[in-house]
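Peer 1: would you be able to build a 3D model of this:
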Amino acid sequence: MSEIEHRAEVEIVVSFNDCDPMGVVWHGHYFRFFEAAREALLRSVNYSYNEMAASGYVWPVVDARVKYRLPIRCEETLRVSAAITEYENRLRIDYIIRNAVGQVTTKAHTIQVAVDQTTQEMCFVSPAILFERLGVQP
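Peer 2: This is a model prediction of the structure:
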């Protein structure tokens, strides 16, 4: 795989409704934070979800892994970064969440695969449109 650097970062202020009764972000809400960073990342390469659909592909998440290192609490300001680390056969996006003092609170990744909208078949090689948007050769 060629070396590419596609990365985006978003700032999120944790809402009260993201937290459990102990005032800590409930583990399932982290995926909303990852999604905000992933959407920013895909928009930065002109391949938003609407553009994916228009190109004839959907990209479902087929795997997700999260490592919770430090708790995140109500009203904390977070920096959530997303980076494309694989793209040839699947789309792997790595995430890092940092708190206001720069500590890494969470590391994660998601795996997405291209599915042809017409045939509903999974593609075993990423479609040419992804390579085009990333500015790399297949």
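
Peer 1: thought Trp94 was touching Ala82?
Peer 2: That one is not Trp; residue 94 is Asp. Yes: using Cβ atoms under 8 Å, Asp94 makes contact with Ala82 at a distance of 7.2 Å. For every residue, glycine as well, the C-beta is placed using N, CA and C.

Peer 1: tell me the bridge partners for Arg7.
Peer 2: Under DSSP bridges, the beta-bridge partners of Arg7 are Ala83.

Peer 1: what ranges of this protein fall below the confidence cut-off?
Peer 2: Along the chain, the model assigns pLDDT under 70 to residues 1-4.

Peer 1: re earlier: pick out whichever of Asp94 and Ala82 has more residues nearby.
Peer 2: Neighbours were counted for Asp94 and for Ala82 using other Cβ atoms under 10 Å; Ala82 has more, 28 against 17.

Peer 1: residues touching the more buried one, list them.
Peer 2: Residues counted as contacts of Ala82 (Cβ atoms under 8 Å, 6 or more residues apart in numbering) are Arg7, Ala8, Glu9, Phe34, Ala37, Arg38, Ala40, Leu41, Ile93, Asp94, Tyr95.

Peer 1: now do Ser15
Peer 2: Per Cβ under 8 Å, 6+ apart, neighbours of Ser15: Cys74.

Peer 1: how many neighbours does Ser55 have?
Peer 2: Counted with other Cβ under 10 Å, residues neighbouring Ser55 total 17.

Peer 1: what sits closest to it if chain neighbours are left out?
Peer 2: Of all residues beyond its chain neighbours, the one nearest Ser55 is Ile129 (4.5 Å), with distances taken as Cβ to Cβ, 6 or more residues apart in numbering.

Peer 1: in the helix or strand containing that neighbour, what's buried?
Peer 2: Following DSSP states H and E, one finds Ile129 within helix 128-134. Within helix 128-134, the residues that count as buried by 16 or more other Cβ atoms under 10 Å are Ile129, Leu130, Phe131, Arg133, Leu134.
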